[in-house]
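K.L.:
Structure for this input, please:
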Amino acid sequence: MSESKQQYVIAIDQGTTSSRAIVFDHDGKIVSVGQKEHEQIFPRAGWVEHDPMEIWTNVREVVGTALSKASLTRHDIAAVGITNQRETAVVWDRNTGKPVYNAIVWQDTRTQPIVDELAKDGGLERFKATVGLPLATYFSGTKIKWILDNVEGAREKAENGELMFGNTDSWVTWNLTGGTDGGVHITDVSNASRTMFMDLDTLSWDQSILDAFGVPASMLPEIRSSSEIYGKVHGSQLLRETPVAGILGDQQAATFGQAAFGIGDAKNTYGTGNFLIFNTGEEKVMSENGLLTTVAYKIGDAAPIYALEGSIAVTGSLVQWLRDNLGIIRSAPEIEQLASAVEDNGGVYIVPAFSGLFAPHWRSDARGAIVGLTRFVNKNHIARAALEATAFQTREVLDAVNADSGVPLTEMRVDGGMVANDALMQFQADILGVDVVRPEVVETTALGAAYAAGLAVGFWNDTDELAANWNEGKRWTPNMEQSERDRQMRLWNKAVTRTFDWVDEDVL
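P.N.:
Down below sits the predicted model:
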């Protein structure tokens, strides 16, 4: 190691299934990683929760692991960046620092009655012109309302100014900077844009929408940019006195990590779900094809950069379902071996509408279906159909992006856990009809948070320097005939329609 101090930036990635800390060097390369999974809590059908205290404990542990693996101390770290599972809502007591209820996860569908009630006046797009989002169980707003309506004493405490809300970025930041001992209660514009409460033009909370939801403004964090010094790590922790200087919701962070800084640049992240983000620059484009309008990022005092987003609820978690619920595979990588053992899907299509369907359909009444089953079909076909479901859903979203933007995407930058699967990436290129490109560093979510933090403290000078770090790792080129691509999409679309209207008054 050289004589100079602070040669690294650390990113805390508080994800849906695990929390990680990753140390990056100036070239954007990974130096060390700490990772720990947290419990997925399913109290009943459609409910998904996490324990915020477990998450905070794990965050501290993975920071220690990442530092010790690289033999680093706080003196080697220039800044801390935070990225997080968006829309997952934590409500906690500002005096005790304890959550009043488990975190309600973005996949959770319990708030559908709240959605239905709010939609009676103006429909599902009641607030879309202001916030860029349709009314849906996906976003944080309905989850906060559910906690206030259903946890004993919560509404009274909230009205008295005793409760705080945040997505997990706010929860981690508040604890990291001291918690009840002066913790900073903030969020960045990218996370704020996923609550249903932030006006996309003013980047401030909309009081009329808060009133409609019955959520006191005193609960909400202060909205800040994605790259600035928010505070310092509290003195009792390993990283004490290190600036906390970057926050980005996970999909926006991946966009930043992919250096998708230009208008028309796009990335697709393959994780628990899939998320395609298309940069529209300083222009706010309202979707007419089932996409979300969101804030991509805001660097310090610069103008905000907007994006269109296609959110798919279930992709990687379908592979987990095959492993954990059905026992078809013992480990996630095994699915590629099974899928490769057959030439095609045998006529089977899996539509994983476990939480309804997100973009571009927004059908909360949909539930999962496996269609096209015959006696010929075996577990290899099921495995292949599960992988292909990810690619088909991505094609639907890309079609919506192309329709909204009027500028057809010419290549797709990809990242996330599933991009290690060569068979899936080739099928993705085939079904899209455009090249699919994987960068050298696929941990783009954590890298984006590191970049945002590093920019704020001068570790990196500008986005040009970040873009220069991006290197192509592998490229897949389509080799499927257009007629076969059309046939596959026709059958997929037929399968999707079979999932509609499943949920009624008698079905959860």
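K.L.:
Export whichever strand or helix holds Leu248 to CSV, keeping only CA atoms.
P.N.:
Here Leu248 sits within strand 243-249, counting by DSSP states H and E. The C-alpha trace of strand 243-249 is given here as CSV (Å, rounded to 0.1, in the frame of the first residue of the first chain):
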residue,chain,number,x,y,z
PRO,A,243,-18.3,10.9,5.7
VAL,A,244,-21.5,9.3,4.6
ALA,A,245,-21.7,10.9,1.2
GLY,A,246,-23.8,9.0,-1.3
ILE,A,247,-27.3,7.4,-1.4
LEU,A,248,-29.0,5.8,-4.3
GLY,A,249,-31.9,3.3,-4.5
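K.L.:
Counting neighbours, which bits of the helix or strand that comes right after it end up buried?
P.N.:
Next in sequence after strand 243-249, counting helices and strands by DSSP H and E, comes helix 250-257. Residues Asp250, Gln251, Gln252, Ala253, Ala254, Thr255, Phe256, Gly257 are the ones in helix 250-257 that count as buried (16 or more other C-beta atoms under 10 Å). C-beta here means a position set from N, CA and C on the backbone, and glycine is covered the same way.
K.L.:
Which positions in the helix or strand following helix 250-257 come out as buried?
P.N.:
With elements assigned by DSSP H and E, the helix or strand that comes after helix 250-257 is strand 266-270. Residues Ala266, Lys267, Asn268, Thr269, Tyr270 are the ones in strand 266-270 that count as buried (16+ other C-beta under 10 Å).
K.L.:
Please list the residues outside the helix or strand that strand 266-270 is followed by that contact it.
P.N.:
Counting by DSSP H and E, the next helix or strand C-terminal to strand 266-270 is strand 274-281. Residues from elsewhere that reach strand 274-281, judged by C-beta atoms under 8 Å, 6 or more residues apart in numbering: 250-252, 254-255, 260-269, 294, 296, 305-312, 315, 390, 393-394, 397-398, 401, 405, 409, 416.
K.L.:
one more time with 7 Å, if that's ok
P.N.:
Strand 274-281 has contacts (C-beta atoms under 7 Å, 6 or more residues apart in numbering) with 251-252, 255, 260, 262-269, 296, 305-312, 315, 390, 393-394, 397-398, 401, 405.
K.L.:
now these: which count as buried?
P.N.:
251-252, 255, 260, 265-269, 296, 305-312, 315, 390, 393-394, 397-398, 401, 405.
K.L.:
Next, the contact list for the nearest residue to Glu472 once chain neighbours are set aside, please.
P.N.:
Residue nearest to Glu472 in three dimensions, not counting chain neighbours: Val437, with 5.8 Å by C-beta to C-beta, 6 or more residues apart in numbering. By C-beta under 7 Å, 6+ apart, the contact set of Val437 is Glu411, Met412, Arg413, Val414, Glu472, Arg475.
K.L.:
Next, the angle strand 266-270 makes with the helix or strand hosting Val437.
P.N.:
Secondary structure assignment for Val437, by DSSP H and E: strand 435-439. Relative orientation of strand 435-439 and strand 266-270, computed by axes from the mean of the first three to the mean of the last three C-alpha atoms, to 10 degrees: 70 degrees.
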